[in-house]
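>>> Output the structure for:
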Amino acid sequence: MNEVYIVGVGITPLGKHYTLSVADLTAQAVNTALADAGCERSQIGAAWFANTRQGIFEGQHNIRGQVALRPIGIENVPIFNTDNACASSSAAFNLACAYLRGGMAPVALVVGAEKMNFPGNREGMFTAFLGSMDRINGEQQLRDAIARFDDKAKVEGPLGGTHGIYMDYYAATAREHMRIYGTTRRQIAAVASKNHGHSSLNPMAHYRMKMSIEEILADKEIAWPLTRSMCAPMTDGAGALILCTGEALAKFDRRRAVRVRATQVTTGATSPRNGAVRLAVKRAYEEAGIGPQDISVAEVHDASAFGEITQIENLGLCEQGAGGLMAERGETLLGGRIPVNPSGGLESKGHPTAASGAIQLHELVIQLRGEAGPRQVEAARIAVQENGGGLYDGEEAAAAVTVLERP
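Okay, here's the model as predicted:
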């Protein structure tokens, strides 16, 4: 089986890009990744394009990748369109790795691009999230899950409102964690404060201001115990990755190439309920031949600050129930025992749904290269990415875990 390397990465600035289209964002990210790799367009043997919202807001339901990529010279190759909710570009990355490992091409492109901000369609910006659930049974599944997580939750009213339906889910899981393990609201705020601090060092981040724990706790309440600054914003942006096989690596700068040790994507099961993320973690660690003790740096899916707590537990970076304490003790800070989300995480760096996985991988690549500037993790050697997508029956509908190794 061919080994796979990431040889080029590129992202756009993250934020509200009212005047830029999905194609504009795609071109920025792809051109940056090609330049970073020293790769010609003619070297690309296949491409994957991840997007979740263009069909909803622009009517571009199909051939989104062809529409975005052919105008910038990616043509005469297979172009595959991937939608797996927030895990879309991570799923695309997994498929591209399999394609290269199978000898189908020596070089591939993975792109995630998303426009989430449409001021003239504010209601649609929130109802778009419903497409990442079962449209027939999903709301009842979520109500049932919230009742399981928190038997005191009031689930008779409308879910979501002006803050999005997913924050009701995160808030209920946070309350359950608080009840079982004694996690505090202050510990959740410590995660958010850490990530806002990290994103202040990231010139591409949506938010770049530091926030104290007290400021985060005093912010507008979204769904208790979550405040606004504990939750990911609506973000526009794109990320692109250039991948190659070990045989093709001689065409690129081997010193800056990052090896893919493992890539796993899975979903959950109705019975027994063992957790999609934990299953993906187990498989990824087995594929990579590592354990959590080997990890230098992690990027995890934290659409809310509580999400980081539960995901570092799923990754085995601490014991179950100790994620809040780990954050409160400063172990996940830059300079801490295991820095988590040095990019600023989704709640501060930004969360352009389908692009978020590729942007997480971008961060880990520059960390492993030693190119992260003021947010560099010292001597980073092995990195792990966790990215969830959608909701089904009370957990992630798709779970992706990737392990990367420095050159």
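
>>> how about the nearest residue to A171 once chain neighbours are set aside, what does it touch?
Excluding its sequence neighbours, the residue lying closest to A171 (CB to CB, 6 or more residues apart in numbering) is A223, at 3.7 Å. From N, CA and C alone the C-beta is placed, and that goes for glycine too. Listed by CB atoms under 8 Å, 6 or more residues apart in numbering, the contact set of A223 reads 163, 167-168, 170-171.

>>> how about L325, what does it touch?
Taking CB under 8 Å, 6+ apart, we find L325 in contact with 187, 318.

>>> my guess is L14 contacts I359, does it?
Yes. Assessed by CB atoms under 8 Å, L14 is found in contact with I359 at 7.4 Å.

>>> next one: phi and psi at E176?
In terms of degrees, to the nearest 10, the main-chain angles of E176 are phi -60, psi -40.

>>> could you dump stretch 10-19 to CSV, C-alpha only?
What follows is stretch 10-19, C-alpha atoms only, in CSV (Å, rounded to 0.1, in the frame of the first residue of the first chain):
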residue,chain,number,x,y,z
GLY,A,10,-3.7,26.7,2.0
ILE,A,11,-6.6,28.5,3.7
THR,A,12,-8.4,31.8,3.3
PRO,A,13,-8.9,34.3,6.0
LEU,A,14,-11.9,33.2,8.1
GLY,A,15,-14.8,35.5,8.8
LYS,A,16,-17.8,37.1,7.1
HIS,A,17,-17.0,37.5,3.4
TYR,A,18,-20.2,39.0,2.0
THR,A,19,-18.7,39.9,-1.4
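
>>> quick revisit: could you name every residue contacting both of L14 and I359?
Shared contacts of L14 and I359 (CB under 8 Å, 6+ apart): 237, 349, 352.

>>> Show me what the first one bridges to in the sheet.
When bridges are assigned using DSSP bridges, the partners listed for G237 are E114.

>>> Quick check, pLDDT for it.
Looking at G237, its pLDDT is 98.

>>> Can you name the residues that contact it?
G237 neighbours (CB under 8 Å, 6+ apart): 11-15, 17, 25, 113-114, 350, 352, 355, 359.

>>> can I get the residues you listed in a markdown table with neighbour count?
Output for the contacts of G237, formatted as a markdown table (neighbours: other CB atoms under 10 Å):
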| residue | neighbour count |
| --- | --- |
| I11 | 27 |
| T12 | 24 |
| P13 | 15 |
| L14 | 29 |
| G15 | 19 |
| H17 | 21 |
| L25 | 28 |
| A113 | 35 |
| E114 | 27 |
| G350 | 29 |
| P352 | 36 |
| A355 | 36 |
| I359 | 30 |
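
>>> ok, so of those residues, who is nearest A192?
G350 (14.0 Å; CB to CB).

>>> Going through the contacts of A223, which ones are buried?
163, 167-168, 170-171 (16 or more other CB atoms under 10 Å).

>>> Strands - which of the residues you listed land there?
Assigned to strands by DSSP state E, none of these qualify.

>>> so which two of these are the farthest from each other?
Using CB to CB for every pair in the buried ones among the contacts of A223, the one that comes out farthest apart is H163 and Y170, at 10.3 Å.

>>> If you count contacts, what does the worst-scoring helix or strand of the chain on mean pLDDT end up packed against?
Using mean pLDDT, DSSP states H and E, helix 138-149 stands out as the lowest-scoring helix or strand of the chain, at a mean of 74. The contact analysis (3 or more CB pairs under 8 Å, 6 or more residues apart in numbering; DSSP states H and E) places helix 138-149 against helix 165-181, strand 382-392.

>>> so of those, which one's packed in deepest?
Most buried of the helices and strands packed on helix 138-149 by mean neighbour count (mean count of other CB atoms under 10 Å) is strand 382-392; its value is a mean of 26.

>>> rewinding a little: among the contacts of A223, which one lies nearest to A248?
Y170 (41.3 Å).

>>> tell me which residues form a beta bridge with the closest residue to the closest one other than its chain neighbours?
Of all residues not flanking Y170 in the chain, S304 sits nearest, at 4.0 Å (CB to CB, 6+ apart). Taking DSSP bridges as the rule, S304 bridges to C231.

>>> gap between S304 and R143?
19 Å (CB to CB, to the nearest Å).

>>> who's more crowded, these two?
S304 (30 against 16; other CB atoms under 10 Å).

>>> quick one: contacts for the more buried one?
167, 170-171, 174, 226, 230-232, 347.

>>> ok, 6 Å please
Applying CB atoms under 6 Å, 6 or more residues apart in numbering to S304 gives the contacts 170, 226, 230-231.

>>> Name the nearest residue to T245, ignoring sequence neighbours.
Once flanking residues are discounted, T245 sits nearest to N2: 4.2 Å by CB to CB, 6+ apart.

>>> quick one on the thing from earlier: got JSON lines for the contacts of G237, with distance to A399 and secondary structure too?
Below are these laid out as JSON lines (distance: CB to CB, whole Å; DSSP: H, G, I helix; E, B strand; the rest coil):
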{"residue": "I11", "distance to A399": "23", "secondary structure": "strand"}
{"residue": "T12", "distance to A399": "26", "secondary structure": "coil"}
{"residue": "P13", "distance to A399": "28", "secondary structure": "coil"}
{"residue": "L14", "distance to A399": "23", "secondary structure": "coil"}
{"residue": "G15", "distance to A399": "27", "secondary structure": "strand"}
{"residue": "H17", "distance to A399": "29", "secondary structure": "coil"}
{"residue": "L25", "distance to A399": "26", "secondary structure": "helix"}
{"residue": "A113", "distance to A399": "22", "secondary structure": "strand"}
{"residue": "E114", "distance to A399": "19", "secondary structure": "strand"}
{"residue": "G350", "distance to A399": "21", "secondary structure": "coil"}
{"residue": "P352", "distance to A399": "19", "secondary structure": "coil"}
{"residue": "A355", "distance to A399": "18", "secondary structure": "helix"}
{"residue": "I359", "distance to A399": "18", "secondary structure": "helix"}
